[in-house]
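Asker: Got a sequence here, can you model it:
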Amino acid sequence: MALVGTLLFCTSCGSILDRHAPDHLLMKCTLCSTLNKNLWPASHKTTSAVDAFPSRLLDKRSNVQVLTAEDRDTWATTQKMCPKCENPELKYRDFQTRGADEGSTIFYKCPACGFGFKEDN
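Answerer: You can find the predicted model right below:
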């Protein structure tokens, strides 16, 4: 019997042997009735190199991730004028900096000049 990958072949006629009795020491060929030594492996393990299958999903699982400036900018935009340079658009975030029964604090920053200020609601 010859073992190729996970297939077993009869040493006499070359037909594929059935793996219906993996516990036995000898396997009988259904075509020529030759008894063949059972060489089935108990388990089969396949390994691949880490970089064998590159993908965007695998890159996201990496310990080191590269963030762009757009990824880091989580500030929302509003149509409010900057008091310093009169830019018609400001970036803002709101935080609950005081008690839960009080309003939130809104932080603004101007994308044009960098000026920042806060407003308590």
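Asker: Would you indicate which residues of the helix or strand encompassing residue 119 are buried?
Answerer: In this structure, residue 119 is located in strand 116-120 according to DSSP states H and E. Of all the residues in strand 116-120, not one is buried under the rule 16 or more other CB atoms under 10 Å. Using the backbone N, CA and C atoms, a C-beta is placed for each residue, glycine as well.
Asker: cool, stretch 30-41 as well?
Answerer: In stretch 30-41, the ones that count as buried by 16+ other CB under 10 Å are 34, 36, 38, 40.
Asker: ok, now stretch 74-92?
Answerer: For stretch 74-92, the buried set under the neighbour-count rule, 16+ other CB under 10 Å, comprises 80, 82, 90, 91, 92.
Asker: So which of the buried residues of stretch 30-41 are in strands?
Answerer: residue 36 (DSSP state E).
Asker: coming back round to it: is it possible to export the buried residues of stretch 74-92 to a markdown table including distance to residue 9 and secondary structure?
Answerer: Conversion of the buried residues of stretch 74-92 to a markdown table gives the following (distance: CB to CB, whole Å; DSSP: H, G, I helix; E, B strand; the rest coil):
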| residue | distance to residue 9 | secondary structure |
| --- | --- | --- |
| 80 | 78 | coil |
| 82 | 80 | coil |
| 90 | 75 | strand |
| 91 | 70 | strand |
| 92 | 72 | strand |
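Asker: Check which helices and strands the strand holding residue 119 sits against.
Answerer: Taking 3 or more CB pairs under 8 Å, 6 or more residues apart in numbering; DSSP states H and E as the contact definition, the neighbouring helices and strands of strand 116-120 are strand 105-109.
Asker: Apply 10 Å and report the result again.
Answerer: If contacts are counted by 3 or more CB pairs under 10 Å, 6 or more residues apart in numbering; DSSP states H and E, strand 116-120 sits against strand 90-95, strand 105-109.
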